[in-house]
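# Provided below for reference: sequence and predicted model.
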Amino acid sequence: MDSILLFDDPAIRGSLLPFTFTRPVADIRIGILKISEKWELITGASVSFLTQDYLQKKFPRKSGNALAVNGAWLPDSKSHTLLKSLSSTQALYFGKTLIATYIGETEKNLGAVKSKEIIQLDTETTLLLKTWNIFQFNGSEIRKDFILLTKGRKSAEISDPHTKAYSLKNIFIEEGAVIRAAVLNADAGPIYIGKNTEIQEGALIRGPFALCESSTVNMGAKIKGDTTVGPHSKVGGELSNSVIFGFSNKGHEGFLGNSVIGEWCNMGADTNTSNLKNNYSPVKLWDYTVGNYSNTGLQFCGLMMGDHSKCGINTMFNTGTVIGVGSNVFGPGFPRKFIPSFAWGGEEGFSTFLFPKFLETAKAVVARRGLELDAEEQEILRLIFEMSKNYRIWETSS
């Protein structure tokens, strides 16, 4: 198996907005790794993407015939064996969901699958179907990824005499990590500390937990289990069962729980998210596929924040809030529970974050990491601005 083509399932992609506005489904980080990175490690094959036209240039498709695999499939140790047994005349399904089939170099969709022999997957598998699955499945994915990344390898040692570690065998530290006077408790699950990371004095961390490359846990942070901090991010305050994709900051006091934060986001000091309703009823969350709120069935569900969105100091988010791409939220009180892309405002009302002004901010944010928001990325964001305009029903602009 030389090549895997990870495709966006149209029946699933919409349910993973706002995160799939800016990436294919398989580019989502859950556990320690992105879904695409899991497939690379498990199969040893090169991966590419079959995604929306406006994303295809940034996430290119390799030439040649390939095994097309549903990008929402979270692989495990058995997945490679299942795929190796699949022939070019067969299509693997899990219930009514296409899981894998071979696709020709010039095929842009999977319509030809109808003529193939259907093979039903007879073992339980995990599909990422909803945004809240990202934090819901995160603990189990950290455990799987931890095994993938550490098998046969030796962890760097904890050199700091003032750091206390529990269940040291469940802690893996990459080279370049710096830990000072912290408590790492891996009794309930593994703790993965990536390359060139920093855990500052007084941080309290419980596994399962992943701190990805070049990220920082600030002084006195309290991090509960099933949490992932993606690469080049900074976190502080209290986090619980949350996923930060990368290049984002929640560096100050305040609570983030049962939440998913995209890339290039920033949360102002003392930002707090509610993750439990006062009446303990199931949380409803904005569903882009129906244009309304859907019942998650979950008692705990916090904030879903798309890429390049920000919030000011002391922002309070209600239970089950969804924010699109490129929004700026600030001010007193609780803002609405669905904030569309490129919105500007808060509880007192919203206007449109005009694209030139947004772009100016986004370029400055990316430049702080020594990177450049290139023309390709700018065009993707411009198209998202246009695609999302129907959600912005106000008249005035800011």
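Sure, I can see it. For clarity, every value in this text was computed on a predicted model and none was experimentally measured.
# residues contacting Leu383?
By Cβ atoms under 8 Å, 6 or more residues apart in numbering, the contact list for Leu383 reads Tyr54. (C-beta placed from N, C-alpha, C; glycine too.)
# doesn't it fall inside a helix?
Yes. Assessed with DSSP: H, G, I helix; E, B strand; the rest coil, Leu383 lies in a helix.
# any idea how far it lies from Glu377?
According to Cβ to Cβ, to the nearest Å, Leu383 and Glu377 sit 11 Å apart.
# Please apply the same query to Leu168.
Remark: distance between Leu168 and Glu377 (Cβ to Cβ) = 41 Å.
# Quick check, Ser261 in contact with Leu303.
No, residue 261 isn't Ser; it's Ile. Yes. In this structure, Ile261 is within contact of Leu303 by Cβ atoms under 8 Å, at 7.4 Å.
# Tell me which of Leu168 and Glu377 has more neighbours.
More neighbours surround Glu377 than the other of Leu168 and Glu377, with 16 against 13 (other Cβ atoms under 10 Å).
# Show the contacting residues for that one.
By Cβ under 8 Å, 6+ apart, the contact set of Glu377 is Lys58.
# which outside residues touch stretch 75-94?
Stretch 75-94 is contacted by residues 1, 35, 38-39, 42-43, 67, 69, 73, 98-102, 113, 116-121, 123, 125-127, 144 when judged by Cβ under 8 Å, 6+ apart.
# From the residues you listed, list just the buried residues.
Buried members of these, counted by 16 or more other Cβ atoms under 10 Å: 35, 38-39, 42-43, 67, 69, 73, 98-102, 113, 116, 119, 121, 125-127, 144.
# Only alpha carbons, please: show stretch 313-333 as CSV.
Only the C-alpha atoms of stretch 313-333 are listed here, as CSV (Å, rounded to 0.1, in the frame of the first residue of the first chain):
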residue,chain,number,x,y,z
ILE,A,313,-10.7,39.8,28.4
ASN,A,314,-13.4,38.6,30.8
THR,A,315,-15.4,37.0,27.9
MET,A,316,-18.1,34.6,29.1
PHE,A,317,-19.3,31.9,26.8
ASN,A,318,-22.6,30.1,27.5
THR,A,319,-22.9,26.3,27.4
GLY,A,320,-22.7,25.0,23.9
THR,A,321,-21.4,28.1,22.0
VAL,A,322,-20.2,27.8,18.4
ILE,A,323,-18.0,30.5,16.8
GLY,A,324,-17.1,30.4,13.1
VAL,A,325,-13.8,31.5,11.4
GLY,A,326,-12.3,34.9,11.9
SER,A,327,-14.6,36.4,14.5
ASN,A,328,-13.7,38.9,17.3
VAL,A,329,-15.9,38.6,20.4
PHE,A,330,-15.7,41.0,23.3
GLY,A,331,-17.7,43.0,25.9
PRO,A,332,-19.8,42.2,29.0
GLY,A,333,-22.5,39.6,29.3
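# so how far is it off the chain centroid?
18 Å (Cα atoms, centre = their mean, to the nearest Å).
# Quick check: buried residues in it?
Across stretch 313-333, burial judged by 16+ other Cβ under 10 Å covers 315-330.
# Okay, strands next: where are they in the stretch 1-150 of the chain?
Under the criterion DSSP state E, counting those that start in this stretch, the stretch 1-150 of the chain contains strands at 3-7, 46-50, 66-70, 73-74, 90-94, 97-103, 117-120, 126-127.
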